[in-house]
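*Asks:* Whatever this is, show me its structure:
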Amino acid sequence: MSSFRLSFLVVALGLSLTVAGCRCDNRLVDTYQADAGEPEEVAVPPEVSPEVPPKTACAVGSVSGRVCAPDKQTWVGGAQVTLDGPDCNGEAYHSEAASQPDGSFELSNIPAGHWTVHATLGAFSQDYPVDVLAGQSAKIPDDQLCVAQKTTKIAVVTGAGDRIEQLLGGLNLQYDTFPGDAANWSASAVPFLSDLTRLKAYDLVFIDCAAAKTSGSSTIDLGPKSAQIKTALHDYVLQGGSLYASDWALLFPALAFPGKFAFKLTSGTVANPLDARKLQGYAPQTVTAGVASAALAAFLGKQTVEIAFPHQSGVNSAHWGVFTSPDPTTEVLIQAPQVTLSSTSDTSCATSGANLNQVPLAVHIKLTAAGTRGGNVVYTSFHNIAQPTNDVSQVLKYIVLHL
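*Replies:* Below is the predicted model of the structure:
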């Protein structure tokens, strides 16, 4: 091979060549002699994927138990019971079930091992550790999976017309009170309800009937800070808080969320101050109402409830709030097929008037603004005192535990 041709090959192949038998290097070949043929490429063996061991079929068992309320006496249906963790192959495993009206549940086909069962109901929850053995059922003791308050904070604005705090205490729940009677309203309840920061320190806020009632009258008056209370409650709910109001406390959600809460009045619309004698619910009367919510019916284990609107000394439901025209976002919990209205606007509520059909007695509204997680508002026309059965108590327990 001529020196010209050799030089050409050196350049073309990108070789570094030293004559007289010196070492040559190249990215494709180890050495190159002047009289050698074309360079040979070194074959690269194909990559071999590591062998994946076959998955093991996990031995399985089951978990069963009952979910109860914080009082450890009330069985609760509709609680979400879940179990999460790695199975015997290290893969994520999830199982869930809803508790039945008697609180019972069962999680089947659970890989054998140590697990934590988690029960959730509204703002309340409980955990319980279990060891699942192959072919066996792990039974959680009846009083060990009672959803608990834990870090949930509750506030009650008291009023003369209702005693929701009695029911909360019966459920073994802790709460802070802000007196809403005429003597303490301005000094205690107003600073709390008008301050969003203070409201947000609580997960649940309950307002009794007749909170903010002026002394010696039937007028509900939020006072000079009504606009601040309206704005603070509105923002509190939209930012994730839950609000409950009963009967004459309708003024609070009606002001905070105009258009969502409408009531039957003898004249005008709901505004502050509110003359409660304009509300048209007649008392005394007892109604058999239908349970409109499937979840509530499952909790109660029945489709109807007895609700009384008493009219007696110390327990007076005269001129109770008759909720009308629920919008599409309203979830009706309890609805009466028919109620009797009052025909007069005096405090005696002495004369009954016309009947009104299909009247919601308990409603729930989920309110969400753009970019927020939203909160809940529940209104009931009835009180939890002077009831002929425990139906109302059970309904209110459901409401409390699902807020």
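
*Asks:* okay, CA-based contacts and neighbour counts for the rest of this
*Replies:* Will do.

*Asks:* Tell me which residues touch the closest residue to residue 320 other than its chain neighbours, please.
*Replies:* Excluding the flanking residues, the one nearest residue 320 by Cα to Cα, 6 or more residues apart in numbering is residue 281, at 4.4 Å. Listed by Cα atoms under 8 Å, 6 or more residues apart in numbering, the contact set of residue 281 reads 318-322, 340-342.

*Asks:* Spit out the contact partners of the most centrally placed residue in the chain.
*Replies:* Centroid-nearest residue in the chain: residue 122, 4.4 Å away (criterion: Cα atoms, centre = their mean). Residue 122 is in contact with 401-403, counting by Cα under 8 Å, 6+ apart.

*Asks:* rewinding a little: list just the nearest of the contacts of residue 281 to residue 190.
*Replies:* residue 321 (22.9 Å; Cα to Cα).

*Asks:* roughly how far apart are that closest one and residue 163?
*Replies:* 17 Å (Cα to Cα, to the nearest Å).

*Asks:* now swap in residue 307 and tell me
*Replies:* 16 Å.

*Asks:* out of these two, which sits in the busier spot?
*Replies:* More neighbours surround residue 307 than the other of residue 307 and residue 163, with 25 against 18 (other Cα atoms under 10 Å).

*Asks:* ok, that one touching residue 394?
*Replies:* No: counting by Cα atoms under 8 Å, residue 307 sits too far from residue 394 to count as a contact (11.5 Å).

*Asks:* who touches both of the two?
*Replies:* With Cα under 8 Å, 6+ apart, residue 307 and residue 394 have no common neighbours.

*Asks:* so what does the helix or strand encompassing residue 255 touch, helix or strand wise?
*Replies:* Under the criterion of DSSP states H and E, residue 255 resides in helix 251-256. Applying 3 or more Cα pairs under 8 Å, 6 or more residues apart in numbering; DSSP states H and E, one finds that helix 251-256 contacts helix 226-238.

*Asks:* Downstream of whichever strand or helix holds residue 197, the next helix or strand is which one?
*Replies:* Element membership of residue 197, judged by DSSP H and E, is helix 196-199. Scanning forward in sequence from helix 196-199 by DSSP H and E, the next helix or strand is strand 204-207.

*Asks:* List the buried residues of that next one.
*Replies:* 204-207 (16 or more other Cα atoms under 10 Å).

*Asks:* now do stretch 253-263
*Replies:* For stretch 253-263, by 16+ other Cα under 10 Å, it's 253-257, 260-263.

*Asks:* before we move on, back to that, let's see the helix holding residue 255 as PDB, backbone CA atoms only.
*Replies:* C-alpha atoms of helix 251-256 as PDB (Å, rounded to 0.1, in the frame of the first residue of the first chain):
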ATOM      1  CA  LEU A 251     -80.900  34.400  61.000                       C
ATOM      2  CA  PHE A 252     -77.200  33.500  61.000                       C
ATOM      3  CA  PRO A 253     -77.100  31.200  57.900                       C
ATOM      4  CA  ALA A 254     -79.700  33.300  56.100                       C
ATOM      5  CA  LEU A 255     -77.600  36.400  56.400                       C
ATOM      6  CA  ALA A 256     -74.300  34.700  55.700                       C
END
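
*Asks:* what comes into contact with that helix?
*Replies:* Here helix 251-256 makes contact (Cα under 8 Å, 6+ apart) with 220, 230-231, 233-234, 245, 260-262, 270-272, 274, 377.

*Asks:* could you give the mean pLDDT of that helix?
*Replies:* For helix 251-256, mean pLDDT is 97.

*Asks:* which residues sit in contact with residue 275?
*Replies:* The contact partners of residue 275, by Cα under 8 Å, 6+ apart, come to 218-220.

*Asks:* And residue 64, by the same measure?
*Replies:* 104-107, 137-140.

*Asks:* Name only those of those residues that count as buried.
*Replies:* Applying 16+ other Cα under 10 Å to the contacts of residue 64 flags 104-107, 137-138, 140 as buried.

*Asks:* Can you check my assumption that residue 331 lies in a strand?
*Replies:* Yes: counting by DSSP: H, G, I helix; E, B strand; the rest coil, residue 331 falls inside a strand.

*Asks:* what number of residues lie near it?
*Replies:* Residue 331 has 17 nearby residues by other Cα under 10 Å.

*Asks:* Residue 77 now?
*Replies:* By other Cα under 10 Å, neighbour count at residue 77 equals 27.

*Asks:* What are the boundaries of the strands in the stretch 101-250 of the chain?
*Replies:* Ranges of strands in the stretch 101-250 of the chain, per DSSP state E, counting those that start in this stretch, are 104-111, 113-121, 124-132, 137-139, 154-157, 176-178, 204-207, 219-220, 242-246.

*Asks:* Could you give the separation of the third one from the chain centroid?
*Replies:* Average the C-alpha atoms of strand 124-132, do the same for its chain, and the two points are 20 Å apart (Cα atoms, centre = their mean, to the nearest Å).

*Asks:* average model confidence for that strand?
*Replies:* 96.

*Asks:* List the buried residues of that strand.
*Replies:* 124-127, 131-132.

*Asks:* follow-up on the earlier one: helices or strands up against the helix holding residue 197?
*Replies:* Counting by 3+ Cα pairs under 8 Å, 6+ apart, helix 196-199 packs on helix 190-193, helix 226-238.
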